[in-house]
Every structure is written in structure tokens, then in C-alpha cells.
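In: Let me see the structure of the following:
(one chain, ligands or ions: 2)
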Amino acid sequence: MLSLNLIGSMPQAILTIGMLLVAISGCTSQRMELSTYTPSPTSTPKPSTTSKDVPTKASTATPIPAEESQAVNGSPGTPIPASGRDRQATATQPASQPFTIDSTLCNDGQGPDCTKLRLGDDYLTTSGPAKGYLYSCIGKNPNAPGSIESKITWIDFAHKTWNFLKKLWLPRGTFSPAAGIYSETTTGEKRQITVNNLPVDGKIGDWPMTNYVALTEIDPNPGIPTVRNLSFSYFADPSEAISPSCVSLGAIGVTKNGVVIFNASDARGEDAVAREIVDEFGGHPAMSEYHYHFIPERLDSEYLEDGHSGIVGYINDGFPIYGYKGIGGIEMSNGDLDLCHGHKHGTSGYHYHATLEFPYTIGCYMGNEVSSSPGRGAPPRRQPPRNRP
Ligand SMILES: [Zn+2]
Ligand SMILES: [Zn+2]
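Out: Ligands and ions are numbered 1, 2, ... in the order given. Presented below is the predicted three-dimensional model:
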């Protein structure tokens with residue numbers, strides 16, 4: 001079943017398929033493609049003409065040299081494009097900015113301990129579904145670039161935990177892409193969801209992150225989110241498979257905020273939420289494709305009668321994903337959920353839940369029919385890996 005359809009004219013559709021192939025093949029190859037793909041007019045980043053109130057940003061007088069980006073990424077690679085580093089510096093920057101965020105979920109006395117979240121690096125498996133694991137279709141790729149481990153201050157590598165409240169996030173700023181779109185209609189047995197992959201609530205950070213030296217030296221992601229018109233077609237009444245299936249890279253679902261969900265791993269097969277810097281609203285771009293690796297807690301805003309979270313999005317097997325709260329409004333941990341990070345209770349059908357514990361969204365697909373998007377499945381291996389968001 002083809003579920004991820006493309007909207008628009010043929011040339012745009014072809015371009016979008018190409019971009020999707022890139023996206024689905026994972027973060028690594030996306031950044032690799034920077035020098036080879038030609039963006040459509042709608043995806044061309046607009047040059048900044050305003051200076052911004054940000055600390056220690058890169059100056060136009062000192063662009064990041066290609067060699068530096070290569071060294072940072074650990075292999076010869078594509079230089080960071082000019083659009084990602086040509087913003088003007090300003091002299092009115094605050095001396096420092098904490099770049100941390102607060103979290104209601106972390107302070108509710110329920111669910112996992114935000115100061116000692118289990119680092120998910122060792123919880124990716126390709127051998128079969130397992131509780132608390134991401135059952136990935138693709139194994140680890142330690143040679144893929146990622147955040148610079150030695151620069152990450154919020155992960156305790158000795159104890160393999162990370163601190164949500166010490167993690168750094170890209171703040172809001174002047175970046176202002178198009179308004180987000182989400183439409184959902186159910187016709188017959190299908191649920192059709194159309195988005196432009198920008199947040200409906202307009203909450204997005206100040207991309208590109210290359211303007212923030214303190215952040216880009218940890219995570220050199222040059223991406224800038226742009227409009228991506230996507231349409232998803234899911235069974236409105238999905239059924240459970242005899243055995244769960246593995247999860248690929250790329251979009252694994254979509255939130256009601258109009259932004260796609262990627263699984264919990266980065267290009268290396270490590271914990272993307274722990275390691276990668278996203279904006280304070282929970283997303284970051286893979287080249288131009290904005291996405292979440294976990295459910296930003298503000299999206300968990302509607303509740304059922306007993307305090308159980310409402311639906312925050314749909315997964316590619318058609319089952320819904322709900323927010324962080326289970327029966328009685330209690331925040332959930334992996335221990336409350338099954339192999340695929342879901343459950344059934346009362347009259348509700350099968351559904352997944354968000355947690356602040358790896359794998360954050362789903363561990364595997366429980367549904368019978370997993371929608372395939374163009375190019376989904378075994379992604380083409382592009383070597384050597386150079387860049388990744
Ligand atoms: Zn990502
Ligand atoms: Zn539930």
C-alpha cells in the first residue's frame with residue numbers, strides 16, 4: 001500500500017520523491033546530498049537580512065571553512081552551504097544564554113527521572129522486538145557522523161544516562177517559515193492526512209543553528225526547515241499483526257501539529273533525542289525536512305475523561321500515538337507498555353504512547369499493514385557518510 005503520496009505538479013513530485021528517498025535513507029545521507037540536490041523555489045532558504053539577538057554567532061567575516069566542517073564531521077565532506085552560515089553577526093548579543101528548557105513532565109513526580117534518563121544507544125536491535133528497545137530494520141553505523149560526543153555535556157557516558165534538564169536546545173528567534181498545515185479526513189476505510197511539515201502552532205526554533213557557535217560546535221547541523229507537502233493514507237481501523245515489524249529510518253508517522261515523526265535513532269543508530277540538538281520546541285531539520293524524534297510535551301494537550309492523554313499523531317501502521325499520560329492521567333514509563341511501546345485498555349483499541357524514555361515513540365510496528373513511503377525499505381548505502389542532521 002502506498003501511503004505517502006505526493007502533492008503538486010509532476011516536476012515537484014519528482015523532486016520531492018528524490019528528497020524523500022534522501023530523507024528515508026537517514027540523516028547521514030541527507031546532509032551528503034546537500035551539494036547535489038537542487039531545491040525547489042519553495043524550499044530555497046531565504047537569506048537573512050536582519051541581525052538577531054543571539055549569542056556568539058558566526059560572523060560573516062569568519063565563515064566556517066569547509067575544512068573545519070570536515071574535521072568536525074570526522075571525514076571529508078560537503079562544506080556547510082553558504083545559506084547555513086551567511087547570516088550577519090550582531091554586536092548586541094547577550095554574554096551567555098543557557099539554552100536549557102524546563103519541563104512540566106520532568107517535574108510531575110511521575111514517569112522516568114529526567115536527570116537520569118537511560119541513554120538509548122545500547123537499546124537498538126535488529127534481531128526482533130524487545131521491551132524498551134527500538135526494533136530497527138537497519139543496524140548501527142558507527143562511522144556515520146553525529147553530534148560531537150566529546151562536546152556533549154548533558155550525557156553521563158560512564159553511567160549511560162542523560163539529563164533532559166541539562167541538555168541544550170536551539171532557542172526561538174527570528175526564523176519564520178510558512179504557516180503549518182494539518183488536515184485529516186476519513187473516507188471509507190482510509191484516514192487521509194495532509195501536512196506541509198511545518199508546525200501548525202508556529203513554534204519552531206531559530207534555524208539554521210550554524211548561527212549559534214556554542215550549539216553548532218556540538219551538533220553541526222546546517223539544515224533549514226522548509227515546506228514539504230506530504231499526504232499520508234492510513235487504515236482508519238488498523239489491525240494487529242501476528243508478529244510486529246521493524247522500523248525504518250525516515251518518517252514513521254505524523255503529529256497533529258503537522259510535523260513528521262522520525263524514530264528514536266540518529267544516523268549512527270544511537271539515541272537521537274539524547275545526542276542531537278533540536279530546537280526548544282522539539283524538532284530539527286534533516287537538510288530541509290523538519291521532524292520530531294519524540295513528542296514535544298506541549299502537543300500532549302488534550303485529555304480523555306479520566307486524564308488519559310489524547311491522540312497526538314498517527315503512526316505508519318495506522319494506529320494512533322497518544323501523549324504521555326495513561327489511565328488516570330499518570331505519566332507512563334516503558335514498563336507500562338508492550339514490546340512496541342503501546343497497549344490496550346478499556347474500550348480503547350491498540351495505541352502507542354509517548355514517553356521520555358528511549359524509544360520515546362514506538363519500538364516496533366504492531367499493525368498489520370505498515371504504510372510504505374516512496375523508497376522506504378532498505379535505503380541505498382551512500383559512502384562515505386559525511387554529514388547528518
Ligand atoms: Zn533527526
Ligand atoms: Zn493508553
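In: Going by C-alpha atoms from here, please, whenever you check contacts or count neighbours.
Out: Noted.
In: Now name the helix or strand holding residue 146.
Out: Following DSSP states H and E, there is no helix or strand that holds residue 146.
In: What segments of the stretch 201-350 of the chain are helices?
Out: Listed in chain order, the helices of the stretch 201-350 of the chain (DSSP state H, counting those that start in this stretch) span 213-216, 272-275.
In: Check the average confidence over the first one, would you?
Out: The one in question is helix 213-216. The average pLDDT within helix 213-216 is 96.
In: cool, and the last one?
Out: Mean pLDDT, computed over helix 272-275, is 98.
In: residues in contact with it?
Out: Helix 272-275 is contacted from outside by 119-120, 147, 149, 152, 155, 162, 164, 167, 264-266, 293-294, using Cα atoms under 8 Å, 6 or more residues apart in numbering.
In: Throw these into JSON lines and include distance to residue 231 and pLDDT, thanks.
Out: Formatted as JSON lines, the contacts of helix 272-275 follow (distance: Cα to Cα, whole Å; pLDDT from 0 to 100):
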{"residue": "119", "distance to residue 231": "33", "pLDDT": "98"}
{"residue": "120", "distance to residue 231": "31", "pLDDT": "98"}
{"residue": "147", "distance to residue 231": "31", "pLDDT": "95"}
{"residue": "149", "distance to residue 231": "36", "pLDDT": "96"}
{"residue": "152", "distance to residue 231": "36", "pLDDT": "98"}
{"residue": "155", "distance to residue 231": "37", "pLDDT": "98"}
{"residue": "162", "distance to residue 231": "35", "pLDDT": "98"}
{"residue": "164", "distance to residue 231": "33", "pLDDT": "98"}
{"residue": "167", "distance to residue 231": "33", "pLDDT": "98"}
{"residue": "264", "distance to residue 231": "22", "pLDDT": "98"}
{"residue": "265", "distance to residue 231": "24", "pLDDT": "96"}
{"residue": "266", "distance to residue 231": "24", "pLDDT": "95"}
{"residue": "293", "distance to residue 231": "20", "pLDDT": "98"}
{"residue": "294", "distance to residue 231": "21", "pLDDT": "98"}
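In: In ChimeraX, how would I select just the buried ones from those residues?
Out: In ChimeraX, this line selects whichever of the contacts of helix 272-275 come out buried by 16 or more other Cα atoms under 10 Å:
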select :119,120,147,152,155,162,164,167,264,265,266,293,294
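In: so which pair among the contacts of helix 272-275 is furthest apart in space?
Out: Maximum pairwise distance among the contacts of helix 272-275 (Cα to Cα): 20.5 Å, between 149 and 294.
In: how's the protein carved up into domains?
Out: 2-40, 53-389 (automatic domain parsing).
In: so what's residue 332 closest to, chain neighbours aside?
Out: residue 111 (5.2 Å; Cα to Cα, 6 or more residues apart in numbering).
In: To what extent is that neighbour buried, counted in neighbours?
Out: The local packing of residue 111 (other Cα atoms under 10 Å) involves 21 other residues.
In: Does residue 229 touch residue 197 like I think?
Out: Yes: between residue 229 and residue 197 there is a contact at 6.6 Å, judged by Cα atoms under 8 Å.
In: So between those two, which is more surrounded?
Out: When residue 229 and residue 197 are compared for neighbours, residue 197 comes out ahead with 27 against 18, by other Cα under 10 Å.
In: Please name the nearest non-neighbouring residue to the more buried one.
Out: With sequence-adjacent residues excluded and distances taken as Cα to Cα, 6+ apart, residue 197 is closest to residue 259, at 4.5 Å.
In: I'd like to know how far the most centrally placed residue in the chain sits from residue 327.
Out: The structure's the chain has its C-alpha centroid closest to residue 292; by Cα atoms, centre = their mean the separation is 2.8 Å. Look at residue 292 and residue 327: by Cα to Cα, to the nearest Å, they are 25 Å apart.
In: now do residue 289
Out: Using Cα to Cα, residue 289 is found at 34 Å from residue 327.
In: Can you pick out the residue with more neighbours from those two?
Out: The neighbour comparison of residue 289 against residue 327 (other Cα under 10 Å) goes to residue 289, with 26 against 15.
In: list the contacts for residue 225?
Out: 177, 198, 207, 284, 285, 286, 287, 288, 289, 290.
In: pLDDT below threshold where in the protein?
Out: 1-96, 372-389 (pLDDT under 70).
In: Residue 109 - that's part of a strand, no?
Out: No: looking at residue 109 with DSSP: H, G, I helix; E, B strand; the rest coil, it is coil, so not inside a strand.
In: burial of it, as a residue count?
Out: Residue 109 is flanked by 12 other residues according to other Cα under 10 Å.
In: just residue 232 next, same as before
Out: Residue 232 has 25 neighbouring residues, counting by other Cα under 10 Å.
In: How about the one 5 residues further on?
Out: Residues within reach of residue 237, counting by other Cα under 10 Å, total 11.
In: Ok, residue 104 next?
Out: 9.
In: How about the one 4 residues further on?
Out: Counted with other Cα under 10 Å, the neighbours of residue 108 add up to 10.
In: closest to residue 369 among the contacts of helix 272-275?
Out: residue 264 (21.0 Å).
In: any idea how far residue 310 is from that closest one?
Out: 21 Å.
In: Please tell me how far the residue nearest to the centre of the chain sits from residue 313.
Out: Note on residue 292: its distance to residue 313, by Cα to Cα, is 11 Å.
In: can you check residue 118 too?
Out: Relative to residue 313, residue 118 is positioned 24 Å away (Cα to Cα).
In: sorry, back to before: do I have it right that the residue nearest to the centre of the chain meets residue 283?
Out: Yes: using Cα under 8 Å, residue 292 is in contact with residue 283, at 4.6 Å.
In: dump the residue contacts of the nearest residue to residue 141 once chain neighbours are set aside.
Out: Once flanking residues are discounted, residue 141 sits nearest to residue 268: 4.5 Å by Cα to Cα, 6+ apart. Listed by Cα under 8 Å, 6+ apart, the contact set of residue 268 reads 140, 141, 142, 143, 144, 145, 146.
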